[in-house]
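[1] heads up, no residue letters with this:
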């Protein structure tokens, strides 16, 4: 067993303070929202789904960050069979993006704008502080020495986090759209298939990176990454075209105006994720070309 040696610098480093802020602000956010009365929330089915999404985001990253914080203080990360530098950067980047989404969705959709309570405003502020804390941790980790930074700290690694972020947003969106869709159109099933495959690919890629399994693949891992990026580009192109078609349908059918916000959110997130897959594919092709000329 390793000897636990705690030094004063462990409690004065920037990482210690930003992670402490992450834990406190996320705990404050979900505690305040959990104590809100029903009259302080927007009463609708999409509000309840997005409230669950925000609560899950704050609770999940509170637990994960608290574990990382404790393990880093007691210096037990060497016993964990995971790439620690990639894990911490993944949590920081994904926590930043998911907290940004919660900080946008909660005051925009979940809060009742006609009767805003002090607790709801405090929860929105706490969510914003959570986003700033994770953004600060990302900056601190990127300023570390090159040997202390993993693949996720690079631009292609960040693009893969954006891809996972986009896929995770589609889960509550598809649940809501399926409830409001009258007849289970082929567009809904095609979108769900595209998003599901891409989320699975993102999770597999992240698992390989965090577990340092790249050297155990039957084929070079960079070829797998290029193939995954190509699949993501094709599937998100299909999903984006479907989203644009939905927008045209909304402009023609006044009875479906209630779906407008959901379709707009889906289109924006799908477009951002498609851009991430496209740039990632360009990086993968460039890497393959550079290695072929060596």
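    Noted; the coordinates are in hand. Keep in mind that what you see is a predicted model, and the values were worked out from it rather than measured.
[2] quick one: low-confidence ranges for the protein?
    The model of the chain has pLDDT under 70 over residues 1-11, 37-46, 145-147, 180-184, 215, 217-219, 251-259, 292-294.
[3] what are the ranges of the helices in it?
    Along the chain, the segments classed as helices by DSSP state H run 14-34, 45-74, 84-105, 118-142, 155-180, 186-210, 221-252, 260-292.
[4] quick check: angle from the fifth one to helix 45-74?
    What it means is helix 155-180. Between helix 155-180 and helix 45-74, the angle comes out at 150 degrees (axes from the mean of the first three to the mean of the last three Cα atoms, to 10 degrees).
[5] Any buried residues in helix 155-180, and which?
    156-170, 172-174, 176-177 (16 or more other Cβ atoms under 10 Å). All C-beta spots, glycine's among them, are computed from the backbone N, C-alpha and C.
[6] Let me see the contact set for residue 152.
    Counting by Cβ atoms under 8 Å, 6 or more residues apart in numbering, residue 152 makes contact with 85, 86, 89, 90, 93, 158, 160, 161, 209.
[7] And the closest residue to the first one other than its chain neighbours, its phi and psi?
    Okay, so that is residue 85. Once flanking residues are discounted, residue 85 sits nearest to residue 150: 4.0 Å by Cβ to Cβ, 6 or more residues apart in numbering. Phi and psi for residue 150, reported as degrees, to the nearest 10, are phi -100, psi -170.
[8] again, but for the one 4 residues further on
    Main-chain torsions, residue 154, degrees, to the nearest 10: phi -80, psi 170.
[9] What is the neighbour count of it?
    Counted with other Cβ atoms under 10 Å, the neighbours of residue 154 add up to 14.
[10] same question, residue 281
    When neighbours are counted by other Cβ under 10 Å, residue 281 comes out with 21.
[11] I'd like to know how far it sits from residue 270.
    Taking Cβ to Cβ, to the nearest Å as the criterion, residue 281 is separated from residue 270 by 16 Å.
[12] can you check residue 90 too?
    Distance from residue 90 to residue 270, by Cβ to Cβ: 22 Å.
[13] how does the protein divide into domains?
    Domain assignment for the chain, taken from the TED database, gives 13-152, 154-293.
[14] Tell me which of those is the most buried.
    Each of the domains of the chain was assessed for mean neighbour count using mean count of other Cβ atoms under 10 Å. The highest is domain 13-152, with a mean of 18.
[15] From the chain's centroid, how far away is it?
    For domain 13-152, the separation from the chain centroid amounts to 11 Å (computed by Cα atoms, centre = their mean, to the nearest Å).
[16] got it, and stretch 263-272?
    14 Å.
[17] Tell me which two of the contacts of residue 152 sit farthest apart.
    Farthest-apart pair in those is 85 and 160; separation 15.2 Å (Cβ to Cβ).
[18] my read: residue 160 touches residue 202, true?
    Yes: in this structure, residue 160 is within contact of residue 202 by Cβ atoms under 8 Å, at 6.6 Å.
[19] Now do the contacts for the residue nearest to residue 193 when sequence neighbours are not counted.
    Spatial nearest neighbour of residue 193, chain neighbours left out: residue 235 (8.0 Å); criterion: Cβ to Cβ, 6+ apart. Neighbouring residues of residue 235 by Cβ under 8 Å, 6+ apart: 193, 194, 195, 197, 198.
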